[in-house]
Every structure is written in C-alpha cells, then in structure tokens.
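Undergrad: after the sequence you'll find the predicted model.
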Amino acid sequence: MIEVIKTFELEDYKVLLCYDEKELPRKKQTLALLEQYNIKYEIESFNYRITKGDRLRMMKPVYNGVKLAFIGNCCDELLIYKATRYVSNGGTLIYFDDGTATIQFFNGLFQLSDKLRSYYNLVCKLRNLDFDKYFFTIYKGLKDGKHICLDNKFTYFVSQQMNKAEKKDIILLGVYSDRFCEEEQIGPAIFVKKLREYIVQLKQTYPEERIIYVPHGKDTFQEPKQICEELEIMYQPSEISVEMLLLDALNRPRAVYGFTSSALYNVKMLFPDTEVYNVTFTGNTPLNDRVENASRYYEKHGITRVVLDINK
C-alpha cells in the first residue's frame with residue numbers, strides 16, 4: 001500500500017480499509033504501519049453480502065471519482081465493487097499484492113467465478129474501465145498471456161536499510177496455528193512437536209547466534225511461547241509487521257525461517273544477502289496447492305526449501 005503511494009506519486013488519495021468489525025482488533029499491525037508512515041485511511045465495515053441492487057449500481061456512470069483505484073485482493077468481490085463505485089468512467093483498476101494471492105491467481109487459484117468475471121467485464125465495458133488487466137506486484141516473472149505485471153521493486157523500503165550494520169540474529173516466523181494446522185491437515189499436537197524439534201535443530205545449527213521467535217499476530221496457541229521459554233530463545237510478539245520490525249532493527253538478520261509466509265519473499269527483497277528458508281511439511285496428504293505454488297515460486301527466487309516429515 002505504501003509502495004503504491006510512493007511509486008505512483010499519489011498526493012490526493014484515500015486508503016479505504018474494508019474489514020469485518022470482528023476483525024478490527026486483530027488488524028493492529030496494518031493500522032500501526034499506516035500511522036507510522038502518516039498514511040491517511042478510513043475504515044469501512046463490510047460484513048454484508050453484495051445484492052442485486054449493488055450490482056446494478058455498478059453500471060451507473062461515475063464522473064467525479066478517482067482516475068486510479070488499487071484493489072488489495074484480486075478475488076474479493078466486495079473490494080472490486082467498492083473500487084468500481086469510487087473510480088470515474090474511463091478510469092483504471094489495478095490489483096496489488098495481498099500475501100501470496102497473486103502467485104495463486106497466476107496458478108489458477110483465488111479467482112472470481114466465470115459468471116462474476118463476465119458480469120464485471122460487462123460493467124467495465126459499459127463504463128470504459130480498464131479492469132482485470134494490471135497487477136502491481138513484487139513477484140517477478142508471472143505470466144499468463146492475459147495480465148500485465150507492473151514491477152513493485154520495494155524501492156522506498158529497500159532504501160531504508162542500505163546502511164545497516166552487520167548481519168546477526170536468526171528469525172523464526174510463527175504461524176496462525178489454528179488455520180495453519182487445518183489447511184495443512186496436521187494435528188495441533190504434531191505441529192507443536194515438530195516446531196519444538198526444529199527450534200532445537202536451529203539452536204544446534206547456530207550455537208553462537210541469538211534466535212528470535214516472532215509469533216503470528218493472530219495466533220492464540222500458547223505452546224510456542226512455552227517452547228521458547230523452555231529452550232531459552234527469545235519470544236518477541238510485535239504490533240508491527242515482521243518486515244517493519246526488521247527494517248527498524250539496527251542490524252540485518254543473518255537468516256529468516258518461516259512456514260511459507262508471504263513475509264519470506266518480502267524479506268528476501270529487502271535484505272538480498274540474508275539467508276531465507278521456507279519450512280514445509282510432507283506426510284500430510286493431500287498436498288496444499290497454495291503452499292506448493294508459493295514454495296515452488298520461492299525456490300526459483302533464492303529461498304531455500306526445508307521439508308519436515310510429520311511421520312518421523
């Protein structure tokens with residue numbers, strides 16, 4: 001979002017955060033980031049379904065709206081609806097990254113149904129809107145013959161860390177355990193066991209380095225904290241994203257480990273000489289397409305894959 005504003009040199013803009021009200025308490029990282037960089041924003045509740053009336057209103061012309069509308073999730077019908085109501089006839093809608101959703105989109109996942117896509121194409125044809133064409137993305141080399149990728153080079157944030165001191169510290173990124181175990185079809189007890197074993201392994205690999213476990217902002221599991229206390233490694237919750245946490249640190253991280261988090265790719269862009277590792281599991285069937293798509297992409301772009309067998 002910040003790179004959108006900086007790259008496109010936006011001065012007169014509005015950031016609209018569309019959240020279910022129940023989610024707001026868990027969006028502290030996003031709000032803290034926007035406030036840290038003095039980004040103006042508004043919060044709008046979206047806990048309702050789009051009606052036929054809403055879809056008809058999308059066809060109505062808008063003459064005093066914005067020229068560009070950026071959409072943070074390429075498969076969210078509500079965000080697309082909101083964007084079409086703000087952008088003027090003849091304007092352009094551009095998707096930007098939401099986690100690894102862009103990778104999934106270019107692999108055939110996370111897409112609108114054919115019926116909805118046909119409807120939105122009709123709306124945009126009637127209103128002369130450039131729709132479903134552009135992605136402003138950090139992910140290089142994505143092609144499908146239909147969309148145009150505009151490079152997000154993280155120029156603004158990369159410039160923030162050019163003069164950092166020596167590399168130090170090993171960072172392990174936690175997961176939203178409930179959802180992670182459900183998506184990976186791994187029992188919580190098995191996940192906790194493998195997490196503990198892996199932290200022990202990291203301590204053996206880096207005996208002289210400080211290891212820091214950064215829990216996911218939404219995680220409610222207490223076991224990771226207990227493991228950290230038992231194994232005497234630092235447990236560091238953060239109200240800002242891990243990317244901002246590392247940017248604000250005095251040193252560059254020596255290595256960052258995570259479980260297919262989108263932060264891994266962001267960290268590799270911000271700190272190209274930092275070792276980045278993507279930890280995945282085998283022995284759980286069927287394989288998670290989302291994890292496999294992201295993992296294959298990561299491997300092609302300098303992120304090493306580590307595979308843990310849940311049956312060992």
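TA: Nice, I can see it. Residues are numbered from 1 along each chain as shown.
Undergrad: where do the helices of this protein begin and end?
TA: 2-7, 28-36, 52-57, 77-86, 101-105, 114-126, 155-158, 177-184, 188-205, 223-231, 242-248, 262-270, 289-300 (DSSP state H).
Undergrad: which residues sit against the last one?
TA: For helix 289-300, contacts defined as CB atoms under 8 Å, 6 or more residues apart in numbering pick out 100, 103-104, 107, 109, 139, 141, 183-184, 260, 262, 264-265, 278, 280, 305. (C-beta placed from N, C-alpha, C; glycine too.)
Undergrad: returning to what we had before: between the helices of the chain, which gets nearest to residue 18?
TA: helix 77-86 (6.1 Å; CB to CB).
Undergrad: please identify the buried residues of the closest one?
TA: Within helix 77-86, the residues that count as buried by 16 or more other CB atoms under 10 Å are 77, 78, 79, 80, 81, 82, 83, 84.
Undergrad: with just CA atoms, put that helix into CSV.
TA: Extracted in CSV, the C-alpha atoms of helix 77-86 (Å, rounded to 0.1, in the frame of the first residue of the first chain):
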residue,chain,number,x,y,z
GLU,A,77,-15.9,-9.3,-4.9
LEU,A,78,-16.7,-6.6,-2.3
LEU,A,79,-13.4,-4.8,-2.9
ILE,A,80,-13.9,-4.8,-6.6
TYR,A,81,-17.4,-3.5,-6.1
LYS,A,82,-16.1,-0.7,-3.8
ALA,A,83,-13.4,0.2,-6.3
THR,A,84,-15.9,0.5,-9.2
ARG,A,85,-18.0,2.9,-7.2
TYR,A,86,-15.1,5.2,-6.5
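Undergrad: give the rounded mean pLDDT of that helix.
TA: Mean pLDDT, helix 77-86: 88.
Undergrad: got the angle for it vs helix 114-126?
TA: Put simply, helix 77-86 runs at 10 degrees to helix 114-126, going by axes from the mean of the first three to the mean of the last three CA atoms, to 10 degrees.
Undergrad: show me the shaky parts of this protein.
TA: 20-26, 46-48, 160-165, 285-286 (pLDDT under 70).
Undergrad: let me see the domain layout of it.
TA: Using automatic domain parsing, the domain ranges for the chain come out as 2-159, 162-309.
Undergrad: ok, residue 210 to residue 91 distance?
TA: As judged by CB to CB, to the nearest Å, residue 210 and residue 91 stand 50 Å apart.
Undergrad: more neighbours: those two, which one.
TA: residue 91 (21 against 12; other CB atoms under 10 Å).
Undergrad: what sits against the residue nearest to residue 215 when sequence neighbours are not counted?
TA: Excluding its sequence neighbours, the residue lying closest to residue 215 (CB to CB, 6 or more residues apart in numbering) is residue 174, at 4.0 Å. By CB under 8 Å, 6+ apart, residue 174 lies in contact with 213, 214, 215, 216, 219, 224.
Undergrad: and which of those residues is nearest residue 66?
TA: residue 216 (33.7 Å).
Undergrad: contacting residues for the closest one?
TA: By CB under 8 Å, 6+ apart, the contact list for residue 216 reads 173, 174, 175, 176, 177.
Undergrad: same question for residue 233.
TA: Contacts of residue 233 by CB under 8 Å, 6+ apart are 199, 203, 210, 211, 212, 213.
Undergrad: rerun that using 6 Å as the cut-off
TA: Residues in contact with residue 233 (CB atoms under 6 Å, 6 or more residues apart in numbering) are residue 211.
Undergrad: look up how far residue 203 lies from it.
TA: 7 Å.
Undergrad: likewise for residue 54?
TA: 54 Å.
Undergrad: and for residue 217?
TA: 25 Å.
Undergrad: who has more neighbours out of the two?
TA: Taking other CB under 10 Å, residue 217 and residue 203 do not tie; residue 217 has more neighbours (18 against 15).
Undergrad: pull the number of nearby residues for residue 76.
TA: 19.
Undergrad: can you list phi and psi of it for me?
TA: phi -100, psi 110 (degrees, to the nearest 10).
Undergrad: ok, residue 217 - contacts?
TA: Going by CB under 6 Å, 6+ apart, residue 217 touches residue 29.
Undergrad: number of residues surrounding residue 249?
TA: Residue 249 has 16 neighbours, counted by other CB under 10 Å.
Undergrad: now do the longest strand along the chain: which elements does it pack against?
TA: The longest strand of the chain (DSSP state E) is strand 87-96. Strand 87-96 sits against strand 66-71, strand 130-137, with contacts defined as 3 or more CB pairs under 6 Å, 6 or more residues apart in numbering; DSSP states H and E.
Undergrad: buried set for that strand?
TA: Residues of strand 87-96 classed as buried by neighbour count (16+ other CB under 10 Å): 87, 88, 91, 92, 93, 94, 95, 96.
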